[in-house]
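Peer 1: Model the structure of this input:
(one chain, ligands or ions: 1)
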Amino acid sequence: MSLRLRLTLLYTILLGGVLLLFGGLVYGLVNLVLVNQVDRTLAAASDDLIGRLRINAYNQFDPRSLTNFQMTDNLLFQVWGADGELQIVRPPTITDPLDQKSLLAGELAYSTVTIDDLHLRVITVPLQSILGPAGIVQVAINLSILDTTRQTLGTVLLTLAVLAMVIGGLAAWLMITRAMAPLAKATEVATQITKADDLSRRIPVPQPAGDEVGRLITAFNQTLARMENLFDAQRRFLADVSHELRTPLTVIKGNVGLMRKMKSMDEESLSSIETEVDRLTRMVGDLLALEQAESGRLPLEKNPVEIDTVLLEVFQQMRVVATDKQIKVAEIDQVQVMGDHDRLKQVLLNLVANAIQYTPAGGVVTLGLARVQDKARITVTDTGSGIPAEDLPHIFERFYRAEKSRTRNPGSGFGLGLSIAYWIAQLHGGTIEVTSSEGKGSTFTVWLPAIPAPTLLPEPDSDEENISDV
Ligand code: ADP
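Peer 2: Predicted coordinates for the structure are as follows:
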C-alpha cells in the first residue's frame, strides 16, 4: 500500500472517528433533552388528572369527575383502584396495564414500554387518601413523534459524517498527492540517475525550498554533488596512477632487458632503475600517508616543535636541490608549536618543493615565519608560473593537478603533496591558504596554533630604589 493511500486512510478514519464521537454526543444530548421534556409533560398531565379525581361513596373513582378533563391525542391514562381493578381508562380499547411492573411495585416511576406496537413513555403515580392507599394512576405518552425525530436526527448525523468523511478523504488524497509530487519527481530523477549512471544530474528543488521536502531534495543534491566529486577524483586517481606507473615500469623493464642482453650489470641502468623505484616508493608512501591522515589514523607525536628550526632545516635541504633558483628566508621569528616535527617538516618540504618545481630557472622562492597573535604564520612565496584561477579552489583535493602541470612536468608529483600538507595542518589545528597570480607567482600561507611565548619578567629593581620605596 502506498504511503499516499495509507495517509489518506488514516486521515479519513480519524476524521470518521471524531465525527462519529461528536455525532453520538449530539444524539445522546438531544435524546436526553427530549425525554426530559416528555417526562415533564407526563408529570403535568398526571398532576392535572389526579387533581380532578374524586372518590364516590362506594370508595370508587368517579368517572364523572373527569368529564371536563381534556387530554391531547397522544396521551393515554388508566386509573386503577386499591383493589387492583381498572376503574377508568382512555382510550377504552387498552385494558392491559400500561406498565405492569410499575403497577405491581406501586411506586412513583417513569418507564418506556411497548404495547400493541405502541411505543409509550409511562408515569406511574400511587394515590393516597385519608383512608390509606387509594389506587394507582398511569399516564402514558405516545413516543412515535419522538422516535421519528430521533430517527431523523440519527440519519442526518450519520449522512453528514459519511459525507464529511468522503469529502475529507478526497481532499486529503489531493493534498497529499500535491505535497508528495516533488517526492515522486525526486524518485523518478533518482531512478534515472541510477539507470543512466549520470551523477551530474540534479533533482529540481520545489518551491518553497525551505519546507521538509525542499530540504530533503537539497540535501540529496548535495550528496549527489559530493558523490560526483568523489567519483571524479577516483577516476582521475586511477588514470593518474596507471599513467604514473606505466613510465617507471617501462623504464625498469627496458633497463632490465638491456642488462640481460649485455649479460652484465650496467651502472647507468641500475641507477635509472633505482630512481624509478624511489619514485614508486614515494608514491606509495604518499598514498598511505594521505589515507591515514584522511581517516584520522596518522600517528602524530605531540611535542613542542621549534618551527623556526624546521624552516631552516628545510631551507638548507632545498637550497642544495634548487641550484638554478634563488631561495631565501625573508623574516624568521622564534615560534614553537605543539605537534609532530617530521610531519610539520613534510608540510614545508612539500610547499617548498612545489615552489621550486613550478618556478622557472632564475626565479626566487622566499620563506618566512612570523608570530601573529597566538598563531605561527609560515609563508612560501615564489615567482613561478602561478595557479590558474579555475584550478585554485581544487589544488588541495587529492590527486588534483592543474592541467598545465600535467603536460609540462611529466616527472612531477601525483597531486598528493598539497592534500597531505592540508591534512597535516588540519590535524595540528591549523589551515593552509593560497593566493596566486598566473604568470607572477604564488604564496602559500600555513597558520598553526603557537605555544604562547614566555612572558619576560621585569628587571628586578635596584637596592637603592627598594630602600627609597620603604
Ligand atoms: P604535485 O605533486 O602535482 O605537485 P600537489 O598536490 O603538490 O601535487 O600540487 C597540486 C597542484 O597544484 C600541482 O599539480 C600544481 O598544478 C599546483 N601547484 C602547487 N603548488 C604550486 C606552485 N607553487 N606554483 C604553481 N602551481 C602549484
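Peer 1: excluding its backbone neighbours, what's nearest Asp48?
Peer 2: The shortest distance from Asp48 to any non-neighbouring residue, by C-beta to C-beta, 6 or more residues apart in numbering, is to Phe69 (7.2 Å). All C-beta spots, glycine's among them, are computed from the backbone N, C-alpha and C.
Peer 1: nope, Arg401 is what I meant
Peer 2: Per C-beta to C-beta, 6+ apart, closest to Arg401 is Gly415, 3.9 Å.
Peer 1: what kind of secondary structure is the residue of the chain most remote from its centre in?
Peer 2: For the chain, the largest distance from the centre (C-alpha atoms, centre = their mean) belongs to Ala57, which lies 93.7 Å off. Look at Ala57: counting by DSSP: H, G, I helix; E, B strand; the rest coil, its state is coil.
Peer 1: about what we covered before: ok, the residue nearest to Arg401 to the ligand distance?
Peer 2: According to C-beta to the nearest ligand atom, to the nearest Å, Gly415 stands 4 Å off from the ligand.
Peer 1: Local confidence estimate at that residue?
Peer 2: On pLDDT, Gly415 comes in at 81.
Peer 1: cool, Glu244 as well?
Peer 2: At Glu244, pLDDT is 73.
Peer 1: can you check the one 5 residues further on too?
Peer 2: pLDDT for Leu249: 90.
Peer 1: what sits against the closest residue to the ligand within the stretch 151-300 of the chain?
Peer 2: Taking C-beta to the nearest ligand atom as the measure, the stretch 151-300 of the chain has Asp286 as its residue closest to the ligand, at 8.3 Å. Taking C-beta atoms under 8 Å, 6 or more residues apart in numbering, we find Asp286 in contact with Gly413, Phe414, Leu416, Gly417, Ile420.
Peer 1: Secondary structure class of it, three-state.
Peer 2: Here Asp286 takes the helix state, with states given by three-state DSSP.
Peer 1: Quick check: residues of the stretch 301-450 of the chain near the ligand?
Peer 2: With C-beta under 6 Å from any ligand atom as the criterion, the stretch 301-450 of the chain meets the ligand at residues 350, 354-355, 358, 382, 384-387, 395, 400-402, 405, 412-419, 442.
Peer 1: From the residues you listed, which land in helices?
Peer 2: In helices, judged by DSSP state H, the following of those are found: Asn350, Asn354, Ala355, Ser405, Gly417, Leu418, Ser419.
Peer 1: my guess is the fifth one contacts Asn354, does it?
Peer 2: Yes. Gly417 sits in contact with Asn354 when judged by C-beta atoms under 8 Å, with a separation of 6.3 Å.
Peer 1: and the one residue in the stretch 201-350 of the chain that gets nearest to the ligand, what does it touch?
Peer 2: Nearest residue of the stretch 201-350 of the chain to the ligand: Asn350, at 5.8 Å (C-beta to the nearest ligand atom). By C-beta under 8 Å, 6+ apart, Asn350 lies in contact with Gly417, Leu418, Ile420, Ala421.
Peer 1: Now restrict those residues to buried residues only.
Peer 2: Among the contacts of Asn350, those buried by neighbour count (16 or more other C-beta atoms under 10 Å) are Gly417, Leu418, Ile420, Ala421.
Peer 1: Quick check: the two most widely separated of those residues?
Peer 2: Pairwise distances among the buried ones among the contacts of Asn350 were taken by C-beta to C-beta; the largest, 7.3 Å, belongs to Leu418 and Ile420.
Peer 1: What ranges does the stretch 301-450 of the chain have for its helices?
Peer 2: Shown for the stretch 301-450 of the chain, the helices assigned by DSSP state H, counting those that start in this stretch span residues 307-321, 341-357, 403-408, 417-427.
Peer 1: how about the longest one: buried residues?
Peer 2: By that I understand helix 341-357. Per 16+ other C-beta under 10 Å, helix 341-357 contains these buried residues: 341, 343-357.
Peer 1: mind showing which ranges of this protein have poor pLDDT?
Peer 2: Scanning the chain for pLDDT under 70 picks out 403-413, 455-470.
Peer 1: In it, where's the longest helix?
Peer 2: If you go by DSSP H, the chain has its longest helix at helix 144-196.
Peer 1: Show me what secondary structure element comes after that one.
Peer 2: Sequence order places helix 212-262 as the next helix or strand after helix 144-196, per DSSP states H and E.
Peer 1: helices or strands next to that next one in the packing?
Peer 2: helix 144-196, helix 267-294 (3 or more C-beta pairs under 8 Å, 6 or more residues apart in numbering; DSSP states H and E).
Peer 1: how about the ones in helices among the residues of the stretch 301-450 of the chain next to the ligand, which pair is most distant?
Peer 2: Ala355 and Ser419 (16.9 Å).
Peer 1: returning to that earlier point: closest to Thr275 among the ones in helices among the residues of the stretch 301-450 of the chain next to the ligand?
Peer 2: Here the nearest of those to Thr275, counting by C-beta to C-beta, is Gly417; it sits at 18.5 Å.
Peer 1: Verify the stated contact: Ala172 with Leu7.
Peer 2: Yes. Using C-beta under 8 Å, Ala172 is in contact with Leu7, at 7.1 Å.
Peer 1: between the two, who's got more neighbours?
Peer 2: Using other C-beta atoms under 10 Å as the criterion, Ala172 and Leu7 rank with Ala172 on top: 19 against 16.
Peer 1: Give me the spatial nearest neighbour of that one, chain neighbours excluded.
Peer 2: Among residues not flanking Ala172 along the chain, Tyr11 sits closest, at 4.3 Å (C-beta to C-beta, 6+ apart).
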